[in-house]
Each structure stands twice: as structure tokens, then as C-alpha cells.
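> Next input, structure requested:
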Amino acid sequence: MYLLIAGLGAADGGSAAAQSAATPGASSAGSASARLAKLCESYWQGALEANPVSATSLGDRRYDDRLDDNTPAGIEKNRVRLEAVLAEARTISPSELNAADQITLSELTGYIDGLLAEIGCHFEDWNVDPLAGPHIELFNIESYQPVRSFAEGQAMVKRWRAMGPYLDQTVENWKRGVHAGKLAPVSAVTKVIGNVKETLAEPDSDWALLLPLQTPHPDWTDAQRAEFRAGLSAAVHESVRPALARYEKFLETQILPKARSQDKPGIMHVAGGLDAYRQMIKVHTSLDLSPDEIHEIGLAEVARINAEMEALGQKVFGTRDRAEILKKLRTDKSLYFQTSDQVEAKAESALAKAKAAIPQWFGILPKADCVVTPMLEHEAKVSTIAYYRQPAVDGSRPGTYYINTWAPETRPRYEAEALAYHESIPGHHLQIAIAQELTGIPEFRRHTGVTAFVEGWGLYTERLADEMGLYSSDLDRIGILSFDGWRACRLVVDTGIHAQGWTRQQAIDYMLANTALAENNIVNEVDRYIAWPGQALAYKLGQREILRLRDEAKKALGAKFDIKTFHDVVLRNGAVSLASLRHEVDAYIARGGTL
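Residues are numbered from 1 along each chain as shown. Below you'll find the predicted structure:
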């Protein structure tokens, strides 16, 4: 599942049915609707308390002084809470609800089912995540936890103090995995050890955790500024640093010698792993597909996109030989950036073009802005090429397109525009910020959703951006095919690794042969699929469903089809399951193409 983040105010649009659901009395079945509304609010408040870091990222500052409880007792408490919500939800009959509330009930039960399935996989016992483990995520918190008041400063000191015990508990969880013979693959462990050693080699003053000390706070007293500086510095030096050293030592001495080889990177090599993988497929895609079915879909998609690449390669490079095309894309230095500033500038220019174009293609537009920000060094070396972080609910932070500008000579120019349109506008920012700003739906639907919808939308917009006239040249259109082929490869590679026994190198080689991604990006991507089983399947499967629904609507409505209306139908209910999306589009067709 995918946690979204809240935004500002209300969008101008939103379905009339969804708006009626905001007032339980508006429903002819007021009692059932009222129960559902109360349950949704209770669930959401419990979710914020159980996930305090996510709450802070939302802009809800009530829990700034704590971290998520990663102890067995904390995980069990959360499981019991979710089970209770699910049991209550199942006592509400869909037949007693209006259409909008039926969607809400379906999304609530489906989302909680997914959360419980993920809890049941017990990834905390063995998974070592080089991209989003605590050695990365804890250091990222300062970027979305601004300190404005002295009380917020005090809360930050408490949270930073809690990072040491959190890291130690991560080690305790791993000990259970080691005892049970459940271990991470060596590639992930080696990457994390290297990253943590680099962090530990830096002085405290260079750590992102101490960046808040650079804010002057002129409204604070001298004593308050001194207390904050001393408290935060002590938390880092006395709690975080020694715990991070223990974290690294355990990885190096207890896990690395026993870690799974690069020949066995998949979850299928962990006890119960294949069942867990099937669970995660449903969690991330909301579809009932087997690994073998997904693998075959991927092979067909790769073949189709490769043919497109050969045709465009003839136009751009004068050859249809795919090996030659890929070789040129990977080795021609003129096709790559030279400086980090160039990477950032290209992202800025693409975002600006997209902002100007979206009113012609979307009726509902977000109020929250989107900005470009380079990743900080502590994550850039091991991170993927980019990601998006949602706006804060209180307006203190816009949506942010984080771009990896490290090693710019490895960043292709021809992929920069497709990347920007996926991560910012019309991709993630448009969809997520609109969801945050919707009225008339419960809070959890504004801030959470199925990965296949979120990432499927992002991938859909890479080709949509070409329809919008946003690409600068045929070379930039190579980026569309490169990225579409990349996501198609994920269906093959993810299932290959986790269900068919592929080696890490086998996955790398397959992507080298079938995408134009630079090798360093491919290596990071493969390690991501190893660390996040099933998540990478969501992109292509979600995109295919959105495209299929669009084609159905165009055929059924003919001249009545309007792309702005279709996009509003897709986006106006938040990141719903693909089944709910199909239901909404079918209803839109039945209405003759009207909202």
C-alpha cells in the first residue's frame, strides 16, 4: 500500500455523490452512513497515532516527539487495532449505503486487509532495505519537520533521542530473523553497511539531523536557542551515533556472514516467502494475478515496447538495431548531463512547461504548489533517480519533486523530461495533491491508497505528456520508451527474482538488454525490487488498467468523450482500488460522459 500525504483546502471539483457522503444525514440510510463515517474517523486518528512520522509528514504536529513503535508489542497493538476496525466494518452492509459510501467501505476494508497482510509477513525480522531503511528514513525526517516554535524544538529533541532506541530495536528484530534462519540478501546488507560507514565517518555537524540548528529563530530567547542547540546535539551524539554504530556492527558481524548469496535474492528463499509474495502482489496491485501471469504480461509488454524503440531509433539514430541504439544511449557522453545544476535546471524547466499546460487537460486542479529539490548526499548515492513527497496539510511545505543530482555524468538528458512528468506534473503531484484537497470523502481516502493507482497514474502520464505537447524532441521521446520498457521489465524481473529463482545478476542483465537505463541505475533498481517485493509491479499494471478504461470510454462515448472529464472521473475519488476505478468509469460511461 502507499501512504499519501494531506494537502490544503478543497478542490473546486469532486463528485456530487462523494459530497453527499460528507453529511451522513444526506443518505437515505443515515444510520449505516453515520456508523461508517465514525469508523473511518476513528481508524484515521488511530493511524496517525500509530504512525507518528507519517503524521508529521502530513503536517499533523501532535506526535512530533515520537517515532513509530517497532517493538513486537507495538506491532501487535497496531495489528489488534486494525483487526478491530475491520471487524466493525464488516458489520456494515453495503446494501444500506449510498454509492459513495459503498466505495468508502470497500476501500476501508481493502486497505486494512492489505495492511494486515503486510504485518503478517513480518518483514521487520529480516528485511534490510538499502533505499528506505532507518539509516535513510530517520535522517530524512528533518526535511519535513520544520521547527517554528520552541515547543516544536523540544519535540524534535525528544524524537531525535528516540532514534537510538529505534535503531536498537531494529537490531533486536533482526536477531529474531537470524535465529529463525531468515536473512537478507548479501547485496542489500553490503550496501547498507557501506552507507552507514560513510555516515559514521562524517562529523555530527555534517549530518542532516543537525540542519535545524542553522535556523536562527530570532523570536526565541538566548536560553531557548542554547537549550535547543545543546539538546539536539546531545541527542545525535549520545543516542543516534552510538546506536547507528551498533546497527552497522550487527549487520557486519552477525548478518553479513550468513546473508543469502546474490544467487538467492528473492523472498522465495525465505521460509514462507512465496506465500508472502503472493500477498504483496494483492496488496500493491489490488488484482488477483499469479506471479506467472504477471511474468507473461511483462514479457509481452517488453516485446511491444522494444519494437517501438527500434522504430524511433531509426528516426533518431538511423538504425533499428536495438543493441546499437542502447549502446549509443549508454555511451554517448553528449546525451548525459555534465553538472548537477544542469540536472536540476532541466527538471525545473519541464515542471514549468507542465504547469502551463494542465488547464487544457484537467478540470480539477490542485491548489498546492510543486517544487524541485535535489536529494541530500546521505541518500543520493544509494537512492533511485527521483521521488515525490506530498505537501503538508498545514501549507508549510509544497509538494516536492526530489531529483538525484549525484554523479550527473550518469544522468541521461533523454530521460529527464519523462522523469519530471511522472514525479511532478501531470504525474504524482497532480494526482496526490488533488486527492488531498478533495471534500466529501473521509480523511483516510485523501491520504492513502493502492500503489497500482498511484504509480499507474504516474506511468500513464509519461505518455499523456506527449499528447500534451510537453516533450522537446524525438530524443526526449526516447525517454518515454525507455521508462515504459523499464516498468514492463519490472513485471518480468520482480516475479523472476521472487517467484522463479532468478539471480541478482540475471535481473541486471535482463534490464541491461531491454532498457536504456544506465547500469548504475539498473543496479539500484534491482536492489529496490529485492527489498520491496511486489511494489514494482504496480506501475505497469496500473497504467494498463487506466489506458484500458480510457479506450473503453472513448469507444463507448464517441464524440461525447472529453479527456478533461475522463481525467476528473479518474482523479476525483482519490487513489482507489482498480476495481473501484473500473466501477467509476463504467458509471461515467452509463451517464453518457458527464460528471
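> Kindly check the end-to-end length of stretch 49-67 for me.
Chord length of stretch 49-67, first to last residue, is 10 Å (CA to CA, to the nearest Å).
> in it, what counts as buried?
For stretch 49-67, the buried set under the neighbour-count rule, 16 or more other CB atoms under 10 Å, comprises 49-61, 63-67. Where C-beta positions appear, they are placed from N, C-alpha and C, glycine not excepted.
> Of these, which belong to helices?
When DSSP state H defines the helices, the subset of those inside them is 49-50, 52-58.
> If you rank every helix and strand of this protein by mean pLDDT, what lands last?
Taking mean pLDDT, DSSP states H and E as the measure, helix 16-20 is the helix or strand of the chain with the lowest mean score, a mean of 30.
> Flag every buried residue along stretch 584-595.
Neighbour counts over stretch 584-595 (16+ other CB under 10 Å) mark 584-585, 588-589, 593 as buried.
> and of those residues, the nearest to residue 415?
Proximity of the buried residues of stretch 584-595 to residue 415, judged by CB to CB, is greatest for residue 585, which lies at 30.5 Å.
> Does the closest one touch residue 570 like I think?
Yes - the pair residue 585 and residue 570 passes the contact test of CB atoms under 8 Å, sitting 7.4 Å apart.
> what residues do these two have in common as contacts?
Jointly contacting residue 585 and residue 570 under the rule CB atoms under 8 Å, 6 or more residues apart in numbering are residue 549.
> what's near enough to touch the residue nearest to residue 93 when sequence neighbours are not counted?
If you skip the residues right next to it in sequence, residue 93 has residue 32 as its closest partner in space, 6.7 Å away by CB to CB, 6 or more residues apart in numbering. The neighbourhood of residue 32, defined by CB under 8 Å, 6+ apart, consists of 92-93, 96-97, 101.
> again, only this time at 10 Å
24, 91-98, 101, 105 (CB atoms under 10 Å, 6 or more residues apart in numbering).
> where's it relative to residue 89, distance?
Distance, residue 32 to residue 89, using CB to CB, to the nearest Å: 11 Å.
> ok, now residue 503?
Computed with CB to CB, the distance linking residue 503 and residue 89 is 43 Å.
> For these two, indicate the residue with more neighbours.
For residue 503 and residue 89, the more surrounded residue by other CB atoms under 10 Å is residue 89, and the numbers stand at 19 against 16.
> Surely residue 255 and residue 179 touch.
No - with contact taken as CB atoms under 10 Å, residue 255 and residue 179 are classed as non-touching, separated by 11.9 Å.
> The two: which is more packed in?
residue 255 (23 against 9).
> Which residue is the nearest non-sequential neighbour of the more buried one?
With CB to CB, 6+ apart as the measure, residue 189 is the residue that lies nearest to residue 255, at 5.4 Å, once sequence neighbours are left out.
> I'd guess the one you found is in a helix, am I close?
Yes - secondary structure assignment places residue 189 in a helix (DSSP: H, G, I helix; E, B strand; the rest coil).
> Strands of the protein, residue ranges please.
Listed in chain order, the strands of the chain (DSSP state E) span residues 2-3, 370-374, 386-389, 399-403, 448-449.
> export those to JSON lines and tack on distance to residue 507, mean neighbour count and mean pLDDT?
Below are these laid out as JSON lines (distance: least, CB to CB, whole Å; neighbours: other CB atoms under 10 Å; pLDDT from 0 to 100):
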{"stretch": "strand 2-3", "distance to residue 507": "23", "mean neighbour count": "16", "mean pLDDT": "38"}
{"stretch": "strand 370-374", "distance to residue 507": "28", "mean neighbour count": "18", "mean pLDDT": "97"}
{"stretch": "strand 386-389", "distance to residue 507": "21", "mean neighbour count": "20", "mean pLDDT": "93"}
{"stretch": "strand 399-403", "distance to residue 507": "25", "mean neighbour count": "25", "mean pLDDT": "97"}
{"stretch": "strand 448-449", "distance to residue 507": "28", "mean neighbour count": "26", "mean pLDDT": "92"}
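> could I get those as a markdown table with distance to residue 328?
Compiled in a markdown table, the strands of the chain are given as follows (distance: least, CB to CB, whole Å):
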| stretch | distance to residue 328 |
| --- | --- |
| strand 2-3 | 36 |
| strand 370-374 | 28 |
| strand 386-389 | 23 |
| strand 399-403 | 24 |
| strand 448-449 | 39 |
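> Mind checking those strands for the one nearest to residue 521?
With CB to CB as the criterion, residue 521 lies closest to strand 386-389 of the strands of the chain, at 10.6 Å.
> partners of the closest one in the sheet?
strand 399-403 (antiparallel) (DSSP bridges).
> send the alpha carbons of the strand it pairs with over as PDB?
Provided in PDB are the C-alpha atoms of strand 399-403 (Å, rounded to 0.1, in the frame of the first residue of the first chain):
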ATOM      1  CA  GLY A 399       4.700  19.100  -3.000                       C
ATOM      2  CA  THR A 400       8.300  18.300  -3.700                       C
ATOM      3  CA  TYR A 401      10.000  16.600  -6.600                       C
ATOM      4  CA  TYR A 402      13.300  15.200  -5.300                       C
ATOM      5  CA  ILE A 403      15.800  14.800  -8.100                       C
END
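> quick check: angle from it to strand 370-374?
For the pair strand 399-403 and strand 370-374, the angle between their directions (axes from the mean of the first three to the mean of the last three CA atoms, to 10 degrees) equals 30 degrees.
> So which of the buried residues of stretch 584-595 are in helices?
In helices, defined here by DSSP H, the members of these are 584-585, 588-589.
> rewinding a little: could you redo the buried residues of stretch 584-595 as a markdown table and give each row pLDDT?
Listed next are those as a markdown table, based on pLDDT from 0 to 100:
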| residue | pLDDT |
| --- | --- |
| 584 | 96 |
| 585 | 98 |
| 588 | 97 |
| 589 | 98 |
| 593 | 96 |
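> Tell me the one of these nearest residue 306?
Distance to residue 306 across the buried residues of stretch 584-595 (CB to CB) is lowest for residue 585, with 29.8 Å.
> distance of the nearest residue to the closest one once chain neighbours are set aside from residue 108?
Closest residue to residue 585 in three dimensions, ignoring its sequence neighbours and counting by CB to CB, 6+ apart: residue 549, at 4.4 Å. Using CB to CB, we find residue 549 at a distance of 23 Å from residue 108.
> Which one's more surrounded, those two?
Higher neighbour count among residue 549 and residue 108: residue 108, with 24 against 21, using other CB under 10 Å.
> how's this structure carved up into domains?
Listed domain ranges for the chain are 21-125, 127-266, 300-545 (source: automatic domain parsing).
> so residue 449 touches residue 574, yeah?
Yes - here residue 449 reaches residue 574: they are 5.8 Å apart, a contact under CB under 10 Å.
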